[in-house]
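A.B. asks: Provided below for reference: sequence and predicted model.
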Amino acid sequence: MAPSLRLPARAALLSHSLPEPRVPRGPPVPPDPSLQPRTPHPRGPPESSRPRGLAEMPGPSSTAFIFELLCRGGVRRLHEMQVHGRCRFGPLWKARFGPVLTVHVADPALVAQVLRQEGPEPSRALSCPWKEHRSLRGVPGGLLTLEGEAWRGSRRVLARGLLSPGAAKAFAGPVATAVAELVARLQRLRRQHPQGIVPDIGIEFNRFGLEAISWVLFSSRLGCLEDTGEATEGVIRSVGEVLALTLVTMALPRPLLRLNPAPWDAFCRAWDQLFAFAKGHVDRRVAAVAAQGPLAKGDMCVTDLLARERVPISSIYGNVSELLLAGVDTVASTLAWSLYELARNPGAQAALHRDATAAATATALGRLPLLRAVVKETLRLYPVIPANARVVPDRDIRVGNYLLPRQTLITLCHYATSRDSRFFPVPNAFRPERWLRHRDTGDAPGDPGDTPGHPPGTGHPFASLPFGLGPRSCVGRRLAELQLHMALAQILLRFEVQPEPEGGHVRPMTRTLLAPAAPIGLRFLER
Ligand code: HEM
């Protein structure tokens, strides 16, 4: 079990004493000019006694920022703009994203300050296109968009089903089947190519993500990984469109959006398709269970859990639609980046293959310290959610030298903090060993997962927070880690993975999530 998932413990951790940020130790940090903040503050910026107001905070002018976003492709480079913003303005700056003013926080100690002061019902946004879609259609949303008491009710049920210690066990069977189908598909695809190349592994991992999450949500076997699985491509496309259009619809000034409603219409259509798909499968499952009689606990999917708690059917639709969105590309991108890096780092791949071969059972496989370290390092370099958000609760809060008024939107710059050379020496290098202890014992207390993203000996506990933290953190974390660990281990047991000979360097791009900017092609050699 990943101890970091014990929610009450983590809530207590947040409200009382967070581990003091550690000053980086170890070898001197080679300078990385592109990533150096204007003023280095290993323990966070020093605070003056009288906090300043928002008006005094630095930041780009609104026109310059909008120009950068819309005319110079900045929406796709938002993650890089975090790094540039920190270099130019320091660890706190303000900018206008569309109609909304947001304060960027790009220092782990300041991220800790924000999270320490969030209330029991944290909010990520006052308004956003996803919420606008729900209110336009008059349908309830799910965990991603609900707030307050409604959020708390759904969160309680879903956390019990997805984050409790038994959750991973309950989903291990379906995930193992999906992994076996993925490996078989990779084998078929590699045989179709003279050099054993699969030209776009992202698509294959999207299919895997949808197959696994559909089983977990509604016990539906979709057959996404079979050769005839094209029927589900529409769902994958809809997820992609929602993600691609979210930031555009958010950043475009409202008058422009009214003049050219095409992006907004396409965005709503994509969400409608996801809701329709989810509704079909929820209805089918509810009818099947009604006909079949009471279920054993181990046979329950998320739809069953929500129905058992008498959650209204429209809220079940909203919740599973949003879980569907959250569960496909997140896992797929992380798998793609992990294999991309392992293909380019044959030493790490060979070490992981050695450990995986020696593991006697599937459980031992999932607990391999190096496997967990590979996933942590991948998520440090490519945090799926490069920027998270929080709304200041109903009172002003102090962050660094500034007093942020209630309801201010805060952008937590996770991409910038997780590539900060003060906390991760040679920050752009893939080095899973940063996360290993000398005598790493996997899941024992004190595992790096215990504190949020804290590599032993160097880092800062808030420098890499790929699943967020606190009561609003990722509810799918346990399921995601299960899928990532199982899929990576089985792929590496079966294949040696090499870069595509003609393939170049693939950069990340922001598409709401951080995704590969070009297809990742890899060569799979049978072991
Ligand atoms: C590598 C995979 C994943 C990563 C890195 C990831 C990351 C995140 C992050 C950073 C957040 C925001 C947390 C916060 O605000 O503190 C989040 C929220 C969420 N994630 Fe994930 N996620 C992943 C996979 C999944 C999966 C597989 C599911 C579905 C089962 C899922 C469902 C959700 C939901 C519903 C929320 C909103 C939680 C709430 O507001 O209460 N995620 N995720």
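C.D. replies: Alright, I've got the coordinates.
A.B. asks: Residue 459 contacts residue 424, doesn't it?
C.D. replies: Yes - taking contact to mean C-beta atoms under 8 Å, the distance of 6.3 Å between residue 459 and residue 424 places them in contact. To be clear about C-beta, it is placed using only N, CA and C from the backbone, and glycine gets the same treatment.
A.B. asks: joint contacts of those two?
C.D. replies: Shared contacts of residue 459 and residue 424, defined by C-beta atoms under 8 Å, 6 or more residues apart in numbering, are found at residue 434.
A.B. asks: Quick one: residues contacting residue 171.
C.D. replies: 215-216, 479, 482.
A.B. asks: with these in mind, which one is nearest to residue 329?
C.D. replies: Proximity to residue 329 was ranked across the contacts of residue 171 by C-beta to C-beta; first place goes to residue 479, at 14.4 Å.
A.B. asks: and the closest one, what element?
C.D. replies: Secondary-structure assignment from DSSP states H and E places residue 479 in helix 477-494.
A.B. asks: That helix packs against which elements?
C.D. replies: With contacts defined as 3 or more C-beta pairs under 8 Å, 6 or more residues apart in numbering; DSSP states H and E, the packing partners of helix 477-494 are helix 148-163, helix 167-191, helix 201-218, helix 313-344, helix 346-358, helix 362-366, helix 369-381.
A.B. asks: CA atoms only: put the helix or strand that the last one is followed by into PDB for me.
C.D. replies: So the one you mean is helix 369-381. Once helix 369-381 ends, the next helix or strand along the chain (criterion: DSSP H and E) is strand 388-391. The C-alpha trace of strand 388-391 is given here as PDB (Å, rounded to 0.1, in the frame of the first residue of the first chain):
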ATOM      1  CA  ASN A 388      -2.700  22.700 -10.500                       C
ATOM      2  CA  ALA A 389      -5.000  25.400  -9.000                       C
ATOM      3  CA  ARG A 390      -6.500  26.500  -5.700                       C
ATOM      4  CA  VAL A 391      -9.000  29.200  -4.900                       C
END
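A.B. asks: helix, strand or coil for the closest residue to the ligand within the stretch 51-200 of the chain?
C.D. replies: Distance from the ligand to each residue of the stretch 51-200 of the chain (C-beta to the nearest ligand atom) is smallest for residue 143, at 3.9 Å. Under the three-state scheme (DSSP: H, G, I helix; E, B strand; the rest coil), the conformation of residue 143 reads as coil.
A.B. asks: What's the separation between it and residue 149?
C.D. replies: 13 Å (C-beta to C-beta, to the nearest Å).
A.B. asks: Between those two, which is the more surrounded one?
C.D. replies: Here residue 143 and residue 149 are set side by side on neighbour count (other C-beta atoms under 10 Å), and the busier one is residue 143, at 20 against 8.
A.B. asks: The more buried one against residue 155, yeah?
C.D. replies: Yes - the pair formed by residue 143 and residue 155 meets the contact definition of C-beta under 8 Å, at 6.0 Å.
A.B. asks: shared neighbours of these two, which are they?
C.D. replies: Contact with both residue 143 and residue 155 is made by residues residue 475, according to C-beta under 8 Å, 6+ apart.
A.B. asks: For residue 46, give me the pLDDT.
C.D. replies: On the pLDDT scale, residue 46 is placed at 64.
A.B. asks: I should have written residue 19 there, sorry.
C.D. replies: The score at residue 19 is 31. That number is its pLDDT.
A.B. asks: again with residue 125
C.D. replies: pLDDT, residue 125: 89.
A.B. asks: Based on its surroundings, how many neighbours for it?
C.D. replies: Applying other C-beta under 10 Å, we find 18 residues neighbouring residue 125.
A.B. asks: got it, and residue 105?
C.D. replies: Residue 105 sits with 32 neighbouring residues when counted by other C-beta under 10 Å.
A.B. asks: and what of residue 491?
C.D. replies: 22.
A.B. asks: ok, it - contacts?
C.D. replies: Listed by C-beta under 8 Å, 6+ apart, the contact partners of residue 491 are 182-183, 186, 339, 497.
A.B. asks: Can you pull the phi and psi angles for the most centrally placed residue in the chain?
C.D. replies: Taking C-alpha atoms, centre = their mean as the criterion, residue 384 is the residue nearest the geometric centre of the chain, at 3.9 Å. When read as degrees, to the nearest 10, the backbone of residue 384 gives phi -50, psi -40.
A.B. asks: now residue 245
C.D. replies: Here the main-chain torsion angles of residue 245 (degrees, to the nearest 10) amount to phi -100, psi -10.
A.B. asks: Number of residues surrounding residue 151?
C.D. replies: Neighbours of residue 151 (other C-beta under 10 Å): 20.
A.B. asks: if I read this right, it contacts residue 143, doesn't it?
C.D. replies: Yes - taking contacts as C-beta under 8 Å, residue 151 lies within contact range of residue 143: 6.6 Å.
A.B. asks: and this structure, which residues reach the ligand?
C.D. replies: When proximity is defined by C-beta under 6 Å from any ligand atom, the chain lies next to the ligand at 124, 143-144, 155, 322-323, 326-327, 330-331, 334, 379, 384-385, 388, 466-470, 472-476, 479-480.
A.B. asks: In contact with residue 130, which residues are there?
C.D. replies: Residue 130 is in contact with 141, 144-145, 246, 271, counting by C-beta under 8 Å, 6+ apart.
A.B. asks: The same query, at a cut-off of 6 Å, please.
C.D. replies: By C-beta atoms under 6 Å, 6 or more residues apart in numbering, the residues touching residue 130 are residue 145.
A.B. asks: now swap in residue 201 and tell me
C.D. replies: When the contact criterion is C-beta under 6 Å, 6+ apart, the partners of residue 201 are 336, 520, 522.
A.B. asks: Then residue 128?
C.D. replies: Contacts of residue 128 (C-beta under 6 Å, 6+ apart): none.
A.B. asks: from the chain's centre, how far out does the helix holding residue 479 sit?
C.D. replies: Between the mean C-alpha point of helix 477-494 and the mean C-alpha point of its chain there is a distance of 16 Å (C-alpha atoms, centre = their mean, to the nearest Å).
A.B. asks: in a strand, that's where residue 102 is, yeah?
C.D. replies: Yes - the assignment for residue 102 is a strand, going by three-state DSSP.
A.B. asks: Could you give the bridge partners of the residue nearest to it when sequence neighbours are not counted?
C.D. replies: Once flanking residues are discounted, residue 102 sits nearest to residue 409: 4.4 Å by C-beta to C-beta, 6 or more residues apart in numbering. With DSSP bridges as the criterion, residue 409 is bridged to residue 102, residue 391.
A.B. asks: What does the pLDDT read for residue 409?
C.D. replies: Residue 409 is assigned 95 on the pLDDT scale.
A.B. asks: Residue 443 now?
C.D. replies: Per-residue confidence for residue 443 comes out at a pLDDT of 38.
A.B. asks: And residue 306, by the same measure?
C.D. replies: Checking the pLDDT column for residue 306, the value is 95.
A.B. asks: Spit out the contact partners of it.
C.D. replies: Taking C-beta under 6 Å, 6+ apart, we find residue 306 in contact with 157, 316.
A.B. asks: at 10 Å what do you get?
C.D. replies: When contacts are counted by C-beta atoms under 10 Å, 6 or more residues apart in numbering, residue 306 is found next to 142, 154, 157-158, 161, 217, 282, 286, 300, 312-313, 315-317, 319-320.
A.B. asks: ChimeraX command for the buried members of those?
C.D. replies: Selecting in ChimeraX just the buried members of those, where the criterion is 16 or more other C-beta atoms under 10 Å, is done with this command:
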select :142,154,157,158,161,217,282,286,300,315,316,317,319,320
